[in-house]
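Novice: Using only what follows, build the 3D model:
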Amino acid sequence: MKPVRFGFIGCGLMGRELATASLRWPHLLGDLPRPVIVAACDTSEENLTWFRKIPTVHAFYRDYRELLQNPEIEAVYCALPHALHAQVYRDIILSGKHLLGEKPFGMDLSAFETIQSAMQQRPDVFVRCSSEFPYYPAVQQIVRWFQAGAFGQVIETRFAIKHSSDMDLKKPINWKRQRDKNGDYGCMGDLGIHTQHLPFRLGLLPHMVGAQLANLVKTRPGPNGAPVPCETWDNAILSCEGHDQNGDVFPMVFEMKRMAPGCTNTVEYEIDGINLSARFTTDDPNAVYFTQSMGQKQAWTRLVVGQAPLFPVITGGIFEFGFSDSILQMLAAFTSELRGLPCAFPCFTPDEAHKSHLLLTAALQSYNEKRMVPLSLD
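Specialist: Residues are numbered from 1 along each chain as shown. Modelled structure (predicted):
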């Protein structure tokens with residue numbers, strides 16, 4: 001199978017995760033198109049130095065436009081602050097390189113529309129957004145149950161991602177707390193797609209939203225230690241009225257929090273139905289919890305799923321699955337779909353990213369106007 005030759009723009013935390021995933025490719029069973037990273041671009045010499053550990057990388061850039069001129073590169077993974085998405089993603093697409101871009105795929109709806117315009121000009125370019133958590137085997141079990149109709153009528157749903165790193169009030173300010181770099185969405189832009197990939201893919205869509213937003217820490221230490229304003233939202237709860245493809249209507253909650261006591265990077269999914277309910281948390285990543293209706297009696301059961309991912313691997317089924325494994329699965333989904341191979345659960349699509357922007361834009365309107373705001377995402 002022909003490999004996919006990548007250039008990476010933005011070589012920080014997530015860039016390193018995907019780079020090491022590319023070196024684990026023999027971990028996957030079968031003949032899947034291998035990602036080969038040949039070029040790296042970053043303004044940080046420290047980040048570029050780390051990428052010199054990747055034996056396939058032989059071109060290093062400070063200017064992403066030079067990387068885009070490299071004819072060896074077929075696809076680009078891009079992870080940059082949100083304010084740069086519109087310009088850089090647009091340039092990548094118009095250069096003819098396929099794109100796996102980081103969330104939120106544009107700092108706001110207008111930025112997304114700039115990227116969307118580039119996609120319309122280059123329909124030959126394959127574009128997807130990074131979102132790894134649905135690739136946990138326990139989540140894929142929920143997907144299979146849902147697609148088989150096992151839940152019956154939906155009662156309610158909840159999708160959450162929660163951090164606690166900002167609970168440290170001495171933590172210096174970073175770009176995610178600055179409006180000019182992170183936008184008005186704040187935590188919703190940085191975390192929202194992680195809560196939306198699963199429900200959007202299953203056809204569980206909000207059509208009315210009420211937002212509760214909180215800027216809990218008003219200042220943080222700046223570069224010289226003096227306090228500087230924190231301009232973006234720390235936490236967000238979106239209380240929605242959702243609907244599914246059967247026309248059923250139900251409560252739907254999205255939680256995106258950077259100040260959640262006791263959490264590191266906790267992702268939680270729950271779908272409750274009249275016939276079956278199921279929930280997943282990364283605090284217990286090897287299992288899915290479910291209960292089936294037995295009239296007046298229900299009992300939650302912990303089902304250990306083990307190492308049973310979407311793309312089979314060499315690891316024995318008795319062993320646990322982790323975050324790095326989910327990155328490997330997401331990368332396999334991207335390269336497989338790019339090469340036209342079957343993919344049961346593709347990466348987050350530009351159309352789904354558009355839905356995300358419509359939801360988050362409506363959430364800001366809801367908070368500012370103190371009312372429920374209707375949506376049309378169908």
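
Novice: Hmm, residue 212 is touching residue 239, no?
Specialist: Yes: Residue 212 is in contact with residue 239 according to CB atoms under 8 Å; the separation is 7.2 Å. Backbone N, C-alpha and C define where each C-beta goes, glycine included.

Novice: ok, the two, which is more surrounded?
Specialist: The residue with more neighbours, out of residue 212 and residue 239, is residue 239; 18 against 14, by other CB atoms under 10 Å.

Novice: Look at the more buried one and give its secondary structure.
Specialist: strand (DSSP: H, G, I helix; E, B strand; the rest coil).

Novice: My guess is it contacts residue 253. True?
Specialist: Yes: between residue 239 and residue 253 there is a contact under CB under 8 Å: 5.8 Å.

Novice: Mark out where each domain of the protein begins and ends.
Specialist: If you go by automatic domain parsing, the domain ranges for the chain are 4-129, 133-317+350-369.

Novice: Now do the last one, average pLDDT.
Specialist: Computed over domain 133-317+350-369, the mean pLDDT rounds to 95.

Novice: Residue 334: which of the domains of the chain is closest?
Specialist: The stretch from those with the least distance to residue 334 (CB to CB) is domain 4-129; that distance is 5.3 Å.

Novice: gap between the two ends of that closest one?
Specialist: 17 Å (CA to CA, to the nearest Å).

Novice: now that domain: how far from the chain's centre is it?
Specialist: Relative to its parent chain, domain 4-129 has a centroid offset of 15 Å by CA atoms, centre = their mean, to the nearest Å.

Novice: Please identify the buried residues of the top helix by length along the chain?
Specialist: If you go by DSSP state H, the chain has its longest helix at helix 350-369. Using 16 or more other CB atoms under 10 Å as the test for burial, helix 350-369 gives 350, 352-364, 366-367.

Novice: One more: stretch 201-209?
Specialist: Applying 16+ other CB under 10 Å to stretch 201-209 flags 201, 202, 204, 205, 206, 208, 209 as buried.

Novice: do you know how far the first one is from residue 194?
Specialist: It refers to residue 201. Using CB to CB, to the nearest Å, residue 201 is found at 13 Å from residue 194.

Novice: show me where the stretch 251-378 of the chain has strands.
Specialist: 266-273, 276-281, 287-292, 301-304, 373-374 (DSSP state E, counting those that start in this stretch).

Novice: Could you list the paired strands of the longest one along with their orientation?
Specialist: Paired with strand 266-273 in the same sheet, following DSSP bridges, are strand 154-162 (antiparallel), strand 276-281 (antiparallel).

Novice: Need the pLDDT of the closest residue to residue 66 other than its chain neighbours.
Specialist: Counting by CB to CB, 6 or more residues apart in numbering, residue 66 lies nearest to residue 41, which is 7.7 Å off, once chain neighbours are set aside. Here the pLDDT value assigned to residue 41 is 98.

Novice: Is it correct that residue 41 is in contact with residue 8?
Specialist: Yes: here residue 41 reaches residue 8: they are 6.8 Å apart, a contact under CB under 8 Å.

Novice: the more surrounded of those two?
Specialist: More crowded of residue 41 and residue 8, by other CB under 10 Å: residue 8, with 31 against 27.

Novice: Tell me which strands the helix or strand where the more buried one lies pairs with, and in which orientation.
Specialist: Per DSSP states H and E, residue 8 falls inside strand 4-9. Strand 4-9 has the following strand partners under DSSP bridges: strand 35-41 (parallel), strand 75-78 (parallel).

Novice: ok, the residue nearest in space to the middle of the chain - contacts?
Specialist: With distances taken as CA atoms, centre = their mean, residue 131 lies nearest the centre of the chain, 2.9 Å away. Counting by CB atoms under 8 Å, 6 or more residues apart in numbering, residue 131 touches 103, 193, 194, 197, 330, 347, 348.

Novice: a helix runs through the fourth one, doesn't it?
Specialist: Yes: counting by three-state DSSP, residue 197 falls inside a helix.

Novice: residue contacts, it?
Specialist: 131, 133, 134, 348, 352.

Novice: roughly how far apart are the closest residue to it other than its chain neighbours and residue 69?
Specialist: Spatially, and ignoring its direct neighbours in sequence, residue 197 is nearest to residue 131 (4.3 Å; CB to CB, 6+ apart). Residue 131 sits 29 Å away from residue 69, going by CB to CB.

Novice: Residue 47: which element?
Specialist: helix 45-51.

Novice: of all the strands paired with strand 4-9, which lies closest to residue 55?
Specialist: Of all the strands paired with strand 4-9, strand 35-41 comes closest under CB to CB, at 9.6 Å.

Novice: Restrict the closest one to CA atoms and write it as CSV.
Specialist: The C-alpha trace of strand 35-41 is given here as CSV (Å, rounded to 0.1, in the frame of the first residue of the first chain):
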residue,chain,number,x,y,z
PRO,A,35,2.0,7.8,7.3
VAL,A,36,5.6,8.8,6.7
ILE,A,37,6.6,12.1,8.1
VAL,A,38,9.2,13.8,5.9
ALA,A,39,9.1,17.4,7.0
ALA,A,40,8.5,19.5,10.1
CYS,A,41,7.7,23.2,10.5
